[in-house]
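[1] prediction below, plus the sequence it came from.
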Amino acid sequence: MIDDAPQIYKDMCDYLTPYVDKLDGVPIPFKTLEYLNTRRDALSNAFCRAEDTAGQHLTWLQYHYLMSRESSLVDMVAWETLYKELGDDLDIPVEVFECLEISLSADPMKPIITPLGLKAPLHDNKTTPTYVALALKFAEEKDWDITEMYPPILGLEMEDVNIINDYLYNMTGMEMNVLNELMSSTKGLEVWLA
């Protein structure tokens, strides 16, 4: 996968590999587990209601089907909660988590984390977003040469700037030009509390 790639990809993978062992068998932290249990209970309640009334009508069967399809047990909020809790407890940056393939046990009696390996750093000779974030976070500290990297898969096209500006205006009520913000700042957008 990365045998022919520039050195920075090998360096990033070497940096990430110890985290696979570090996370193997680690218990799912309390807040994340509590969140997963709440979701599990909701899915279970909907299933039981569907099963109890299936002989009378299909309302709750359809409801459970839609809920199952649209509300997976482990969603993005669960991952973010996990990253925050484990990041704090084990001093692991979120950029590292995003480069790992991680499985959370579905067994409520054995709530552990199982790392499956590393996500691919490249796709069609372009850098995946997770590895762009990792490289930018640690390049200076680890002495990685980011100029070796292939172009990113995900980039900002000029025609997207107005869409992003509109989105930010709708979210914050502030008019801004995201391109100007990106070009003039290394820290990100300022946050204003209303």
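    Okay, I see it. Residues are numbered from 1 along each chain as shown.
[2] after the top helix by length along the chain comes which helix or strand?
    Using DSSP state H to define each element, the chain has its longest helix at helix 30-53. Note on helix 30-53: by DSSP states H and E, the next helix or strand toward the C-terminus is helix 59-70.
[3] hmm, back to that, average pLDDT for the longest helix of the chain?
    Taken as a whole, helix 30-53 has a mean pLDDT of 94.
[4] quick check: angle from that helix to helix 59-70?
    Here helix 30-53 runs at an angle of 150 degrees relative to helix 59-70 (axes from the mean of the first three to the mean of the last three Cα atoms, to 10 degrees).
[5] beyond the helix or strand where E140 lies, next helix or strand please.
    E140 belongs to helix 129-142 when assigned by DSSP H and E. Counting by DSSP H and E, the next helix or strand C-terminal to helix 129-142 is helix 161-172.
[6] other SSEs contacting that following helix?
    Applying 3 or more Cβ pairs under 8 Å, 6 or more residues apart in numbering; DSSP states H and E, one finds that helix 161-172 contacts helix 178-184. In this view, the C-beta of every residue, glycine as well, is placed from N, C-alpha and C.
[7] got the buried residues for stretch 35-47?
    For stretch 35-47, a neighbour-count test (16 or more other Cβ atoms under 10 Å) marks Y35, L36, R39, L43, A46, F47 as buried.
[8] again with stretch 3-10
    In stretch 3-10, counting by 16+ other Cβ under 10 Å, buried: A5, I8, Y9.
[9] residues in contact with the residue lying closest to the last one once chain neighbours are set aside?
    The reference is to Y9. Using Cβ to Cβ, 6 or more residues apart in numbering and skipping the chain neighbours, the partner closest in space to Y9 is I2 (4.5 Å). Applying Cβ atoms under 8 Å, 6 or more residues apart in numbering, we find I2 in contact with Y9, K10, C13, P121, L122.
[10] let's see that with 10 Å instead.
    By Cβ atoms under 10 Å, 6 or more residues apart in numbering, the residues touching I2 are I8, Y9, K10, M12, C13, L118, A120, P121, L122.
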